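In: Quick one, what's the 3D model for this:
(one chain, ligands or ions: 2)
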Amino acid sequence: MKRRNFLVAGASAFLAGCSKIGDTLWFEKLVDGAESWHRGLHRALGGGRITMAPEYDRSAISPFFRGNGSQTVDTEDYAAAEAEGFANWELTVDGLVANPMVLSMDQIRSLPQRTQVTRHDCVEGWSAIGEWTGPQLSNILEAAQPTGEANFIVFHCADTLSGSDYYESCDMDDAMHPQTIIAHQLNGEALPVRNGAPLRLRLERQLGYKHAKYLTRIEAVASLDGIGDGYGGYWEDRAGYQWYAGI
Ligand SMILES: Nc1nc2c(c(=O)[nH]1)N[C@H]1C(S)=C(S)[C@@H](COP(=O)(O)O)O[C@H]1N2
Ligand SMILES: [Mo]
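Out: Ligands and ions are numbered 1, 2, ... in the order given. Okay, the predicted model is just below:
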């Protein structure tokens, strides 16, 4: 397939250290939003039927979106990153993908953006409505090109809770869902530290604990075995929370 070859060639140039990001073909396609590869995958996975989480008017936004779980990352690296406004934060995309890549914050901000006002429901019994902005994960995966063996996407985080790494995962259907975004803004401002600065997942059809904060790495895998305790997430491993936490 011609397009696929373009993307592979462009991504290789990028990985080789091409300094002008805009010159790489795959990145241009992404920024244009012109690529349709992910729409084909949508059809293959979902039979064309996509249910959307409710979206709200901006007037419904909660005055304060509380933080829960980790409210910062207790490392020197994170403190240094925060001190420079997360200008050099990077998101790695790897695992079972044809084009592993490392995205800068500028690249993440230059992708097509989606903004959505949604309600976050935490199992601990609170909800909040917020406006989230960021690129669709489908758009990023379109560039990375998960291989045929990739069944899940694992979200790795910078923080630990009680000494264990926080992480989460979802299936390819949710990964490619239009409301699944890598958010860098809450209510039009850079993501606050308590809410996962500088990058957090929004997985709108599922409960709060799935929405991994402080994202460092997105990994495509065939199986969740061998990742954490194998149940697909920090709370799934520890407290028996459901892996598919549909609302
Ligand atoms: N990395 C990381 N992500 C996380 C958590 C965490 O402790 N660490 N807590 C989860 C839980 S239980 C909830 S309800 C939400 C809270 O998001 P908020 O802090 O923006 O309110 O983040 C989720 N994602
Ligand atoms: Mo939660």
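In: which bits of this structure sit near ligand 1?
Out: Contact residues, the chain versus ligand 1 (CB under 6 Å from any ligand atom): 66-70, 122, 157, 159, 161, 166, 194-196, 208-209, 211-214. C-beta here means a position set from N, CA and C on the backbone, and glycine is covered the same way.
In: Now look at stretch 192-206 and say if it contacts ligand 2.
Out: No: shown here: stretch 192-206 not in contact with ligand 2 (CB under 5 Å from the ion), separated by at least 11.0 Å.
In: got the residue ranges for the strands in the protein?
Out: 90-95, 101-104, 114-122, 126-134, 152-161, 164-171, 181-183, 185-186, 189-190, 200-202, 215-221 (DSSP state E).
In: Could you dump the ones you listed into TSV with mean pLDDT added?
Out: Shown next, in TSV, are these (pLDDT from 0 to 100):
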stretch	mean pLDDT
strand 90-95	98
strand 101-104	98
strand 114-122	98
strand 126-134	98
strand 152-161	98
strand 164-171	98
strand 181-183	98
strand 185-186	98
strand 189-190	98
strand 200-202	99
strand 215-221	98
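In: now the ones you listed in JSON lines, with mean neighbour count?
Out: Conversion of these to JSON lines gives the following (neighbours: other CB atoms under 10 Å):
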{"stretch": "strand 90-95", "mean neighbour count": "18"}
{"stretch": "strand 101-104", "mean neighbour count": "18"}
{"stretch": "strand 114-122", "mean neighbour count": "17"}
{"stretch": "strand 126-134", "mean neighbour count": "19"}
{"stretch": "strand 152-161", "mean neighbour count": "21"}
{"stretch": "strand 164-171", "mean neighbour count": "20"}
{"stretch": "strand 181-183", "mean neighbour count": "25"}
{"stretch": "strand 185-186", "mean neighbour count": "20"}
{"stretch": "strand 189-190", "mean neighbour count": "11"}
{"stretch": "strand 200-202", "mean neighbour count": "24"}
{"stretch": "strand 215-221", "mean neighbour count": "21"}
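In: All set now, cheers.
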